[in-house]
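Trainee: Build me a model from this:
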Amino acid sequence: MNKIGLTDVTFLVPVRIDSPERLENLQLVVQFIRNYFKTGVIVLEADRQEKVHLQKDIIKIFREDHAPIFHRTKYLNQMTRMATTPYLAVWDADVIGVPSQIEAGVNLLRDNEADMVFPYNRYFYSVSKFFKKLYTDNNCRLDILLQSKAYMEHMHGDWSVGGAFLVNKRAYIEAGMENEHFYGWGPEDAERYVRWDTLGYKIERVDGPLFHLPHPRGRTSQYASENIEKRNRKELLKVCSMLPQDLRAHVEENKWWGFDTKLKPKDICTMDFPKQPETSWIIRTLNEEKWLGKVLESLFLQSRLDFEIIIVDSGSTDKTLEIIESYPIRKVINIEPESFNYSRALNQGIKQAWGKYIGIISGHSLPVSRTWYEDAMRNFKNQKVAAVSGHYYSLPDGSYEEKLFDLRFFNTRNLYKQHFSKHMTNTNAIIRKNLWESYPFDESLREGCEDYDWACEMISRGYDVIIDPAFNVYHSHGGIGRLPIFERFPEWNEIVLTIEQKIRSNR
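Mentor: All right, here's what the predicted structure looks like:
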């Protein structure tokens, strides 16, 4: 069987296993996706204990969750952060679709003819135990279900909006993703449809059926309590009663989705966890919970996504490692705090990198735009460019002194590219990996300035080191309890004097 190419789509399947039938259904759904499509799949299980074990080519995530109610909307939003493709298939764990309908729906997204597509007409068929057994006993032949529709009831009457939908990820983020006010089972499918329709997004359907496999109606398939039912229905009625401008404000007020929807990405490019990434981003972390999530989000919303991310953590005790788990990070390297120095942490990360270029960004540095990475990479068309870096300005929580520092050191020269600059900063830089291999960061420089030293070495060899204002970041220490940057200048100046005295080989 020739698989349908959906490499620009990620199937998201959140699940809590509350019965043997549910587990069997999930396995049938994953088998269906794998049999018919060349695509990415993320299955997230949230429960007290892990019950789901899948094939190695499926991204399977387990979240230990002792809450009696499965907060499906919250976990779907987490999965959306993990997905790196421009289109998503949000899929229930008990749903079988028709491959040609799914392909047609994705094509509507690709052609910008829709923002959301239901890969079926309004009829969502409830498969009985008898027809499920007939389906599985006949090697999961889809025609068994298709020929048995007349004997099946409709799940939600004559106009279903549940079970599965295909969506443009950019539009999904802008529209608020899943409404986390819905806790447990409830009318979140209806609310999503109303919200998208009210906000003016393009919603389409593909003609044909969708099938729901049977399972016992446990706690994940009914209201957990009368109070939760009232709360969920109240949220639905609230959304239904809103005018577009009020609904947009409601979406903006609720920050459950973890993205700043006012900052819209130029585009979300395809990245299927590349094994040959162009760039490997190295992020050194130590208790970065305040800004790390935003840093990672800003990377995954860039106009280019041909990269991997490697974290080098030196003993974080806050929520840094928990935040990292929410994103598709290829590797996390843990080092002992007492063995840390800036150069050694970078070198250890780069040794594990697969990219031709090495991107370096601090765990509290925010790019200034969605084309920040793409803009920097244009400089490497010149083979004599060894590195690109940028300036930095204080974050909103920067100290009063740091904001004065911004004013003191700003000048019009900072608005233009600077060439052969020694003032490369590993707050935000991209370097050629092959040049690093010939000259790793100097680990004898324990307190920093390894970036200045590396730039000096490359310039001595005849390479250009560019400071590009399009590659600037917002960065400060005042809001994270570290020594303000300007207070470290006396120490750094002494290190720079030592670096300037080095004898370069000029190779």
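
Trainee: contacts and neighbour counts: CA atoms only from here.
Mentor: Fine.

Trainee: SS state for the spatially closest residue to Ile96 that is not a sequence neighbour?
Mentor: Take Ile96 and drop its neighbours on the chain: the residue closest to it by CA to CA, 6 or more residues apart in numbering is Phe211, 5.2 Å away. Under the three-state scheme (DSSP: H, G, I helix; E, B strand; the rest coil), Phe211 adopts strand.

Trainee: neighbours around Phe211, how many?
Mentor: 23 (other CA atoms under 10 Å).

Trainee: ok, it - contacts?
Mentor: Contact analysis of Phe211 by CA atoms under 8 Å, 6 or more residues apart in numbering lists Val95, Ile96, Gly97, Phe124, Tyr125, Ser126, Val127, Leu145.

Trainee: So which of the residues you listed sit within strands?
Mentor: Judged by DSSP state E, the contacts of Phe211 include Val95, Ile96, Phe124, Tyr125, Ser126 as members of strands.

Trainee: domains of this structure?
Mentor: Domain ranges of the chain: 4-253, 279-500, per automatic domain parsing.

Trainee: Rebuild these as CSV, extending it with mean pLDDT.
Mentor: Output for those, formatted as CSV (pLDDT from 0 to 100):
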stretch, mean pLDDT
domain 4-253, 88
domain 279-500, 85
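
Trainee: about what we covered before: check the gap between the residue nearest to Ile96 and Ile467 for me.
Mentor: 56 Å (CA to CA, to the nearest Å).

Trainee: same deal with Trp372?
Mentor: On the measure of CA to CA, Trp372 and Ile467 end up 13 Å apart.

Trainee: same check, this time on Asn35
Mentor: From Asn35 to Ile467 the distance is 49 Å (CA to CA).

Trainee: Select the longest helix from the chain.
Mentor: If you go by DSSP state H, the chain has its longest helix at helix 20-36.

Trainee: The helix or strand following it packs against which elements?
Mentor: Following helix 20-36 in sequence order, the next helix or strand is strand 37-47 (DSSP states H and E). Packed against strand 37-47, as judged by 3 or more CA pairs under 8 Å, 6 or more residues apart in numbering; DSSP states H and E, are the following elements: strand 4-15, strand 59-64, helix 72-82.

Trainee: Strand 37-47 versus helix 72-82: what angle between them?
Mentor: Interaxial angle of strand 37-47 relative to helix 72-82 (axes from the mean of the first three to the mean of the last three CA atoms, to 10 degrees): 130 degrees.

Trainee: Neighbouring strands of strand 37-47 in the sheet, and parallel or not?
Mentor: Strand 37-47 pairs in its sheet with strand 4-15 (parallel), strand 59-64 (parallel), by DSSP bridges.

Trainee: out of those, which comes closest to Arg170?
Mentor: For Arg170, the closest of the strands paired with strand 37-47 is strand 4-15, at 12.8 Å, according to CA to CA.

Trainee: Next, the buried residues of the closest one.
Mentor: Leu6, Thr7, Asp8, Val9, Thr10, Phe11, Leu12, Val13, Pro14, Val15 (16 or more other CA atoms under 10 Å).

Trainee: Can you get me a residue count around Pro337?
Mentor: Pro337 has 12 nearby residues by other CA under 10 Å.

Trainee: Between the two ends of stretch 163-183, what distance do you get?
Mentor: Stretch 163-183: ends 17 Å apart by CA to CA.

Trainee: How far off centre is it?
Mentor: Relative to its parent chain, stretch 163-183 has a centroid offset of 14 Å by CA atoms, centre = their mean, to the nearest Å.

Trainee: same check, this time on stretch 188-200
Mentor: The answer for stretch 188-200 is 23 Å, by CA atoms, centre = their mean.

Trainee: List the contacts of it.
Mentor: Under the contact criterion CA under 8 Å, 6+ apart, stretch 188-200 has outside partners 161-162, 175, 178-179, 182, 202-203, 236, 239-240, 243-244, 247-248.

Trainee: So which of those wins on neighbours?
Mentor: Of the contacts of stretch 188-200, with other CA under 10 Å as the count, Asn179 tops at 25 neighbours.

Trainee: tell me the secondary structure for that one?
Mentor: Quick answer, by three-state DSSP: Asn179 is coil.

Trainee: Would you mind measuring from it to Ser394?
Mentor: From Asn179 across to Ser394, the span is 33 Å (CA to CA).
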